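Engineer: pasting a predicted model and its sequence here:
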Amino acid sequence: MVLNPVISKLAGKLVVLASASPRRQEILRNAGLRFEVVPSWFKETLDKGLFKAPYEYAVETAKQKALEVARRMPFKHLKTPDIVIGADTIVTVNSMILEKPVDKQDAYRMLSSLSGKEHSVFTGVAIVLCHEKDNQEVDYQMIAFYEETKVKFADLSEDMLWEYINSGEPMDKAGGYGIQALGGMLVEYVHGDFLNVVGFPLNHFCKQLDIIYNHSSSFAVEKKGIMSKHNDGEFKSQNCENVIIQLNRQQEGEQSGTGTRDSKPNKQDLERICELMDGFKASKALFTASRFCVFDLLHNKPGLDAARVAEEIKASVKGTECLLEACVSLGLSRHKKKEESLFENTDLATSFLRSDAPFSLHGYIRHCNETLWPLFSHLESAVHEGVSQHEKVKRHKERCQDSVCSSQELKLRFMSGMHSFAKVTAAAVATAFDLSRFKTACDLGGCTGAMAYEFTKAHPGMSVTVFDLPAVIEMREHFLPANSDKKVSFVAGDFLKEDLPKADLYILARVLHDLTDEKLHILLRKIAESASPGCGLLLSEIFLDDDRGGPSRGLLQALSLSEGKQRSASEYRLLLERHGFITAHFRHTGNLLDAMLSVKA
Ligand SMILES: Cc1cn([C@H]2C[C@H](O)[C@@H](COP(=O)(O)OP(=O)(O)OP(=O)(O)O)O2)c(=O)[nH]c1=O
C-alpha cells in the first residue's frame, strides 16, 4: 500500500480529530494529515461490565467520542465536517481494563499490576463520515476498528515505580505509562504496532482509508462489519459497526437544547455553559488560596481543620472554610480519609501549587492574579477601544500600591512568574528535537536562565548564553544560584538595539507573540545577521490552529497582549522564511508551549 496517496484522499476535506490527546495529534500531523482538533465532550463512563471483550469497550468509547463531535459541530461550529476521527486507548491485564490513573496511588496500583508481565494495549478507532444533504439532514456513517499490541514490562522495583510516578508522566496515559517517553525504560518487548500503544494505530487507519476511498466496492460489501486486522495479517469483518445514522438537523437541535423553546436543555450543554460562567470564580479561588500559601501550609502540616488554617493564614474561619471547600470541589485539596473536617493537598496541588515544588506554578499564578486578572477586568474597555489596558492598570496599581512595593519588587514578581512558567515548560521544549549538532546556543529574553539550564541538562555538549535586559540579568540570582552550571552564562543587553552573541542556535521562547510587527522584524533581522548558514532558530510559543479555531489558551492569551499577536505555526513559518530561516520541524509538545525548529538557509 502506498501510504501518502491514502492520506492525500482527505486533502480538501474538513477532517476533525475528536481528541485532546497531543500524541494522537502528533502522529496524524507527522503523517501529513491536515485536520482540526475538536476534543470530544463524551465522558468515558460506559459500564465496562456490559462488554464481552475489552476491545469492544474501547471501540464503543471511540465511537461515542467521534459521534458527539460530529453531531455537535453543525450546531456549535456552524459547519459540518466531512470526517470525524475518534479513538480510545486502554490497557488490559488479568481481565482488568486500565484507563488513566486518577492519582498517584492509582498509578501505583496500575503499574505494579503490569510489573514483570505481558499485557495488551487496545486502541479503538471510529471514523464518522458525514454526508450533508440538500434538505439540511446529515447522514452519519460509522466505521470502527481496533488494534491490539502486546507489551511486556520488566520487573519494576518499588524505587523505580515511585520515581516514575513522581515524574508526573503516568497521569494522562492509559495504564499509567507512556511508552514513547520515560515509560519506554520499563518495557522489555513490544509485539505489534508501537504507535497503537502511543494512542493511534496509524497503519491500520491508513488501510481503512484505503478501503473507504480506493476500494469502495469492497467497502460496500463490508458495510456491516468493523474491518479489523488480526494477528494473521488478514482483514476480517468484526462486530457490526458500519451504521448509517440519519439525523435531521432540527431533531438534533432539539436534542442539544438549541431547538424549540419547549424542549429540555441538554445536560452536557448546560454543564459546559456553567463551566464557562464559573471559570473566573474557580481561577480566583485558586489565586486566593495560592496567595495565602494554603498549599504550602497543607503540605507542611497535612490534616488541619479550617480554624487552624484560618489561624495560620490570618484570615476569618468562615471565609477560610468556604475557600477550602471550594478547593476540594476543584480537585486541589481533599478531606482527609474518614475525617471530613480535616484538609490535605491533592497530588495536583503537591506537584504544581506548592511554592517549592520542582514544577511549581506558584510564581506564575501570582502573576496571573496580580497582572492578568486586572487586565481581564478591563476587557470590555480593551475590546471597545482596541488598545491594551496595561497603562491603565499600571497607573491604577501605582496609585494603590503601598510604598513597600517598589518597582524592583514588581520586577521580581514578574520574573518569578516567567521563571515558574519556564521551569514547567523548559524540558519539553529542550527535548522537542535532536539538537546535538548545536554546540552553542543563545536564549534571547531568557530571563532567569530556567530554560537555558534545562537545555544544557538535555544536551550535555551544549553551552547557552542567556541574553536579556540589564535590569533582569542583575536580579536573576534571586532565582538560581550564580555558577550553578558553568555552561550557562549571562549577557546583559537589549536584543532590539545591540549586537547579539554569536551562537549555533538561537532560542526564542515566548518572545515573538508579545512584540509589534515592527519590533518582531527588527529582532528577526538581527538574528539573521548573526546566524551563519546552518544555524538553528528554535521558536517556542502556543501555535494556533491554521483556521484560528483554537487552542483556546492561545486565543485567550491574545486578549491581554500589550502589543503583539497570536499566530499559527504556518504564520510563524512564513515570517521566519522572510528572514532566511527554513522551517525543518514543528511539534506540539503536549506541554504548555509548542516548538518549531528552523535552519538558516
Ligand atoms: C499506553 C500509553 C497510552 N498513552 C496515552 C494515549 C492516550 O492519549 C491516553 C489514553 O487516553 P484516551 O482516553 O484514549 O485519550 P485522551 O483522554 O488522551 O484523549 P481523548 O479522549 O480526547 O481522545 O494514553 C500514551 O501516550 N503512551 C502509552 O504508552
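Structural biologist: Looks like it came in fine.
Engineer: what sits closest to residue 192 if chain neighbours are left out?
Structural biologist: The shortest distance from residue 192 to any non-neighbouring residue, by CB to CB, 6 or more residues apart in numbering, is to residue 149 (3.4 Å). (Glycine included, C-beta is placed from N, CA and C.)
Engineer: quick one: strands adjacent to the helix or strand that neighbour falls within?
Structural biologist: Secondary structure from DSSP states H and E places residue 149 in strand 138-153. Sheet pairing for strand 138-153, assigned by DSSP bridges, gives strand 118-132 (antiparallel), strand 187-191 (antiparallel), strand 244-247 (antiparallel).
Engineer: any idea which of the ones you listed is most buried?
Structural biologist: strand 118-132 (a mean of 22; mean count of other CB atoms under 10 Å).
Engineer: how about the residue nearest to residue 192, what does it touch?
Structural biologist: 120-121, 190-194, 196-197 (CB atoms under 8 Å, 6 or more residues apart in numbering).
Engineer: how about residue 537?
Structural biologist: Contacts of residue 537 by CB under 8 Å, 6+ apart are 505-506, 508, 527, 531, 576, 581, 597-600.
Engineer: scan the residues you listed and report the most crowded one.
Structural biologist: Greatest neighbour count in the contacts of residue 537, by other CB atoms under 10 Å, goes to residue 506: 29 neighbours.
Engineer: is that one in a helix, a strand, or coil?
Structural biologist: State at residue 506, reduced to three classes by DSSP: H, G, I helix; E, B strand; the rest coil: strand.
Engineer: how about it: which residues does it bridge to?
Structural biologist: Judged by DSSP bridges, the bridge partners of residue 506 are residue 442, residue 537.
Engineer: test my guess that it contacts residue 445.
Structural biologist: No - counting by CB atoms under 8 Å, residue 506 sits too far from residue 445 to count as a contact (10.8 Å).
Engineer: secondary structure class for residue 453?
Structural biologist: helix.
Engineer: is it in contact with residue 480, as I believe?
Structural biologist: Yes - with contacts counted by CB under 8 Å, residue 453 reaches residue 480, the gap being 6.8 Å.
Engineer: tell me which of these two has more neighbours.
Structural biologist: Neighbour tally, residue 453 and residue 480, criterion other CB under 10 Å: the higher count belongs to residue 453, 23 against 17.
Engineer: hmm, back to that, and the residue nearest to residue 192, how far from the ligand?
Structural biologist: In this view, residue 149 and the ligand are 9 Å apart by CB to the nearest ligand atom, to the nearest Å.
Engineer: number the chain from 37, please
Structural biologist: Understood, numbering begins at 37; the last thing we discussed is residue 185.
Engineer: so what pLDDT did that residue get?
Structural biologist: On pLDDT, residue 185 comes in at 96.
Engineer: pick out the residue of the stretch 537-637 of the chain closest to the ligand.
Structural biologist: In the stretch 537-637 of the chain, the residue that lies nearest the ligand is residue 626 (8.5 Å; CB to the nearest ligand atom).
Engineer: could you find the closest non-adjacent residue to that residue?
Structural biologist: residue 58 (3.6 Å).
Engineer: mind listing what the one you found touches?
Structural biologist: Listed by CB under 8 Å, 6+ apart, the contact set of residue 58 reads 624-626.
Engineer: show me how this protein divides into domains.
Structural biologist: Split into domains by automatic domain parsing, the chain comes to 39-291, 303-393, 461-636.
Engineer: quick one: residues contacting the spatially closest residue to residue 586 that is not a sequence neighbour.
Structural biologist: Spatial nearest neighbour of residue 586, chain neighbours left out: residue 73 (6.4 Å); criterion: CB to CB, 6+ apart. The contact partners of residue 73, by CB under 8 Å, 6+ apart, come to 52-53, 55-56, 61, 581, 586-587.
Engineer: buried among these? Make that a ChimeraX selection.
Structural biologist: The following ChimeraX line selects those of those that are buried, judged by 16 or more other CB atoms under 10 Å:
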select :52,53,55,61,581,587
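Engineer: filtering the contacts of residue 73 by proximity to the ligand, which remain?
Structural biologist: 55-56 (CB under 6 Å from any ligand atom).
Engineer: please narrow the contacts of residue 73 to those residing in helices.
Structural biologist: residue 61 (DSSP state H).
Engineer: restricted to strands, list the contacts of residue 73.
Structural biologist: 52-53 (DSSP state E).
Engineer: how about the contacts of residue 73 in CSV, adding pLDDT?
Structural biologist: Converted to CSV, these look like this (pLDDT from 0 to 100):
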residue, pLDDT
52, 96
53, 96
55, 95
56, 93
61, 94
581, 87
586, 86
587, 89
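Engineer: sorry, back to before: just send the contacts of residue 573 back as TSV, with secondary structure and pLDDT too.
Structural biologist: Shown next, in TSV, are these (DSSP: H, G, I helix; E, B strand; the rest coil; pLDDT from 0 to 100):
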residue	secondary structure	pLDDT
541	strand	98
542	strand	98
544	strand	98
563	helix	98
567	coil	97
612	helix	95
617	strand	95
633	strand	95
634	strand	95
635	strand	95
636	strand	96
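Engineer: for the chain, which residues are neighbours of the ligand?
Structural biologist: Contact residues, the chain versus the ligand (CB under 6 Å from any ligand atom): 55-57, 59, 75-76, 80, 101, 123-125, 127, 136, 157, 208-211, 213-216, 219, 233-235.
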